[in-house]
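K.L.:
the amino acid sequence is not available; the structure is as follows:
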Ligand code: C2G
């Protein structure tokens, strides 16, 4: 009889899946034999005050496509962690250290760990980068349009 499988659980929105997410999931997977992820539903994100770009179905599919993730289930509220840990026989609850201390109350039923976040990237940063690139493009199109207008006006004045 081999040693029992060590199960790790984490929770999150995982919008605009990026390297900060993947690096965390890779480290979490390395803590045990199986990693399951509670992915915040669109309704729960509203309660969290998060407006996501990707709907739950896409965020779930991206997580399931990640080599470090063994399974994904919906995170619908703040209260379900304790019953999830029992239901999925979780050995370790782990999450980024932006949550440091928030989930210590789970220590009576599993190990609780907070891992360093990846600095310099977040779903908000990704959104800001896209918006600023798009704005620059809009500005150059507007400038080009003004030049065309000027040339047209000068042509009509000559006639
Ligand atoms: N993360 C990270 N580095 C980043 C961005 C995120 O390590 N640059 C980690 C977070 O610390 C978190 C996970 O990736 O552990 C998912 O991040 P979010 O989607 O922002 O998760 P959050 O909204 O904090 O949800 O009940 C717990 C909540 O659902 C956690």
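P.N.:
Yes, it's here. Quantities reported herein were computed from a predicted structural model and do not represent experimental measurements. Numbering: from 1, shown residues only.
K.L.:
report the distance from the helix or strand where residue 124 lies to the chain centre.
P.N.:
Here residue 124 sits within helix 123-158, counting by DSSP states H and E. Centroid separation for helix 123-158 versus its chain: 32 Å, with Cα atoms, centre = their mean, to the nearest Å.
K.L.:
which strands or helices does it pack on?
P.N.:
Using 3 or more Cβ pairs under 8 Å, 6 or more residues apart in numbering; DSSP states H and E as the contact test, no helix or strand touches helix 123-158. Bear in mind the C-beta positions are built from the backbone N, C-alpha and C, glycine included.
K.L.:
that one near the ligand at all?
P.N.:
No - for helix 123-158, no contact with the ligand is found by Cβ under 6 Å from any ligand atom; the gap never falls below 6.5 Å.
K.L.:
tell me who's in contact with the closest residue to residue 70 other than its chain neighbours.
P.N.:
With Cβ to Cβ, 6 or more residues apart in numbering as the criterion, residue 70 has its nearest non-adjacent residue at 4.8 Å, and that residue is residue 34. Going by Cβ atoms under 8 Å, 6 or more residues apart in numbering, residue 34 touches 5-8, 70-71.
K.L.:
give me the pLDDT for the closest residue to the ligand within the chain.
P.N.:
Residue nearest to the ligand within the chain: residue 96 (1.7 Å; Cβ to the nearest ligand atom). At residue 96, the pLDDT value in this model is 98.
K.L.:
got a list of what the spatially most central residue of the chain touches?
P.N.:
Here the mean C-alpha position of the chain is nearest to the C-alpha of residue 14 (Cα atoms, centre = their mean), at a distance of 1.9 Å. By Cβ under 8 Å, 6+ apart, the residues touching residue 14 are 21, 37, 39-40, 59, 62-63.
K.L.:
try residue 127
P.N.:
Here residue 127 is in contact with 16, 53 (Cβ under 8 Å, 6+ apart).
K.L.:
how does it look with 10 Å?
P.N.:
15-16, 51, 53 (Cβ atoms under 10 Å, 6 or more residues apart in numbering).
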